[in-house]
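[1] heads up, no residue letters with this:
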């Protein structure tokens with residue numbers, strides 16, 4: 001069986017896990033195995049990376065190691081989560097993330113009807 005690479009998941013139903021410390025992806029793999037969902041194993045925000053002292057590349061590397069160790073052979077993705085500025089993008093793009101979630105919170109008018 002061909003080993004599937006990290007890929008944009010398009011319209012495949014997916015589930016984001018977000019391994020904050022790089023230690024839980026093997027458990028996430030076990031949890032999603034046999035389901036209809038494509039996993040998003042690396043799902044981190046700039047804030048989460050700052051709090052944990054990790055970089056987008058470290059998060060990606062940890063996810064890849066777990067995927068390879070588990071011999072995961074189905075599609076999977078990654079999410080640069082809660083991006084607030086364009087300046088947040090480059091390290092996630094450079095690390096090969098496949099999904100980008102924009103957080104428009106600073107531009108939401110809570111008084112709007």
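    Received, thanks. Note that the structure is a prediction, hence the values are computed from the model and not measured.
[2] Would you report the backbone torsion angles of residue 43?
    Main-chain dihedrals, residue 43, degrees, to the nearest 10: phi -140, psi 90.
[3] Next one: residue 4, what pLDDT does it get?
    On pLDDT, residue 4 comes in at 63.
[4] what number of residues lie near the closest residue to residue 103 other than its chain neighbours?
    The shortest distance from residue 103 to any non-neighbouring residue, by CB to CB, 6 or more residues apart in numbering, is to residue 82 (4.2 Å). For every residue, glycine as well, the C-beta is placed using N, CA and C. Residue 82 has 16 neighbouring residues, counting by other CB atoms under 10 Å.
[5] part of a helix, is residue 82?
    No - counting by DSSP: H, G, I helix; E, B strand; the rest coil, residue 82 is not found in a helix; it is strand.
[6] residues contacting it?
    Residues near residue 82 by CB atoms under 8 Å, 6 or more residues apart in numbering: 45-47, 101, 103.
[7] what do you get for residue 102?
    83-84.
[8] ok, back up a step: could you check the pLDDT of the residue nearest to residue 103?
    Listed pLDDT for residue 82 reads 93.
[9] Check residue 73 too.
    91.
[10] can you check residue 1 too?
    Residue 1 is given a pLDDT of 38.
[11] now the helices for this structure?
    25-32, 46-52, 56-70, 89-95 (DSSP state H).
[12] can those helices go into TSV with extra columns for distance to residue 16, mean pLDDT and mean neighbour count?
    As requested, the helices of the chain are arranged in TSV below (distance: least, CB to CB, whole Å; pLDDT from 0 to 100; neighbours: other CB atoms under 10 Å):
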stretch	distance to residue 16	mean pLDDT	mean neighbour count
helix 25-32	10	96	17
helix 46-52	12	93	15
helix 56-70	12	95	18
helix 89-95	14	96	16
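[13] Right, I'll leave it there.
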